[in-house]
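1. Provided below are the primary sequence and the corresponding predicted coordinates.
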Amino acid sequence: MTSVLYDVPGPKARLYSLLGSAAGILIILGVLALAVTTLAQQGIFDADRWEIFYGPMAPDVWNLIGQGIVSTLVAAAVAAVIAFPLGIALCLLRISLISWIRVPTQVVLEFLRGMPVVLMMLFVLLVFATGQFVAVVAGLVLYNAAIFAEILRAGIQSLPKGQREAGLAIGLRSFQSRMIIEFPQATRRMLPSLVAQLVVLLKDTSLGYIVGYEELLRKIQIMADFLGPDFLFPAFFVGAAIYILINLTVSRIAIWIERRGSRKAAGGVAPATIRTGLEGTGNDPDAQNVVPAPEHKDTSGPSK
């Protein structure tokens, strides 16, 4: 048997695959066991090292972590709200039919995509003498707007050409066709990539540590420096867990929005009956499912 892209594995191939998977799982478990054993020998799992999260110092520690979470979410939210509309504008310029608009925009996008985010933060902070928050948001906006523009451009190019042609045929202008017909479909189609970039944006807020912005990572570093090296691993472990929890929450919200949008898009579509022209010949397997239209009876009486 063969599939479209590859041969269906036979008994030996399935056995080798099973053995390889089992060996991989054993190797991963072995590495994890070695890491846990090493950490345990260093006393990482001693209760006194984790007491900062539930002991007398817990209110101050969690207050500091909470301030870092708020700073991280505020910077990420402001950057995302600004970067997405800017990405749409850059996408429109990038796909413009006018070459003297399209080519310079392409150069700018390639430059922004190739520049490290931390360098853009430092540039804004040192050149324009702004605050740490403005530098962090500006760096995130410039980089992620370029990424959003390329993602949306890929989504628009993946649409059938008939979508744009239909919009122009009913009298829409080029800009109206882009905004009313193409961009909503491109956004829905590229939603997984957009969400993945939002997660990257959220994680890149940790680069604000370099410019002195007191986000979550900076707060954890301050806490670890104050408490001593014995609490370094517990502090960063809790910080990593918080980052993972936030990113998973963002991903789940995006999945819910995508499913809700899909149900709403498909909610008003009524099933259509396809007639093959073979009804009544006995050759149509679905002929029994076709309901004939009721005959119209003339109740007006005989004409005089």
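-> Perfect, thanks for sending it. Just so you know, these numbers come straight off a predicted model, no measurement behind them.
2. contacting residues around the closest residue to residue 147 other than its chain neighbours?
-> Excluding the flanking residues, the one nearest residue 147 by CB to CB, 6 or more residues apart in numbering is residue 197, at 5.3 Å. Using the backbone N, CA and C atoms, a C-beta is placed for each residue, glycine as well. For residue 197, the contact set (CB atoms under 8 Å, 6 or more residues apart in numbering) comprises 144, 147, 148, 151.
3. isn't residue 69 right up against residue 216?
-> Yes. At 5.6 Å, residue 69 and residue 216 qualify as touching, with contact defined as CB atoms under 8 Å.
4. circling back: and the furthest pair within the contacts of residue 197?
-> Taking CB to CB, the two most distant members of the contacts of residue 197 are 144 and 151; they sit 10.0 Å apart.
5. neighbour count winner among those two?
-> Shown here are residue 144 and residue 151; by other CB atoms under 10 Å, residue 144 has more neighbours (25 against 21).
6. residues touching the more buried one, list them.
-> For residue 144, the contacting residues are 79, 80, 83, 87, 197, 200, 201, 204, taking CB under 8 Å, 6+ apart as the criterion.
7. redo that, cut-off 6 Å
-> When contacts are counted by CB atoms under 6 Å, 6 or more residues apart in numbering, residue 144 is found next to 83, 201.
8. you'd agree residue 213 is in a helix?
-> No. Membership of residue 213 in a helix is not supported by DSSP: H, G, I helix; E, B strand; the rest coil, which gives coil.
9. Disregarding residues adjacent in the polypeptide, which is nearest to it?
-> The shortest distance from residue 213 to any non-neighbouring residue, by CB to CB, 6+ apart, is to residue 132 (3.9 Å).
10. Test my guess that the one you found contacts residue 211.
-> Yes. Judged on CB atoms under 6 Å, residue 132 makes contact with residue 211 at a distance of 5.2 Å.
11. With residue 212 as the reference, measure out to the residue nearest to residue 213.
-> According to CB to CB, to the nearest Å, residue 132 and residue 212 sit 5 Å apart.
12. which of those two has more neighbours?
-> For residue 132 against residue 212, the residue with the higher neighbour count under other CB under 10 Å is residue 132, and the figures read 20 against 12.
13. quick one, what contacts the more buried one?
-> Applying CB under 6 Å, 6+ apart, the residues near residue 132 are 211, 212, 213.
14. next one: residue 195
-> Under the criterion of CB under 6 Å, 6+ apart, the contact list for residue 195 reads residue 254.
15. so is it in a helix, a strand, or just coil?
-> Remark: residue 195 carries the secondary structure label helix [criterion: three-state DSSP].
16. packing partners for the helix or strand encompassing residue 238?
-> Mapping residue 238 onto the secondary structure by DSSP states H and E places it in helix 232-266. The criterion is 3 or more CB pairs under 6 Å, 6 or more residues apart in numbering; DSSP states H and E, and the helices and strands that helix 232-266 contacts are helix 191-204, helix 216-227.
17. So which bits of it are buried?
-> 232, 233, 234, 235, 238, 239, 242, 243, 246, 247, 250, 254 (16 or more other CB atoms under 10 Å).
18. swap in stretch 168-185?
-> Of the residues in stretch 168-185, those buried by neighbour count under the rule 16+ other CB under 10 Å are 172, 177, 178, 181, 182, 183, 185.
19. Same list, those, but as a markdown table with secondary structure and pLDDT please.
-> Formatted as a markdown table, the entries for those read as follows, by DSSP: H, G, I helix; E, B strand; the rest coil; pLDDT from 0 to 100:
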| residue | secondary structure | pLDDT |
| --- | --- | --- |
| 172 | coil | 85 |
| 177 | helix | 84 |
| 178 | helix | 83 |
| 181 | helix | 86 |
| 182 | helix | 86 |
| 183 | helix | 83 |
| 185 | helix | 85 |
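20. what about residue 142, which helix or strand?
-> Short version, using DSSP H and E: residue 142 is in helix 132-157.
21. so after that helix, what's the next helix or strand?
-> Using DSSP H and E, the helix or strand that directly follows helix 132-157 along the chain is helix 161-169.
22. who has more neighbours, residue 69 and residue 216?
-> More crowded of residue 69 and residue 216, by other CB under 10 Å: residue 216, with 25 against 18.
23. Please consider this matter closed, and thank you.
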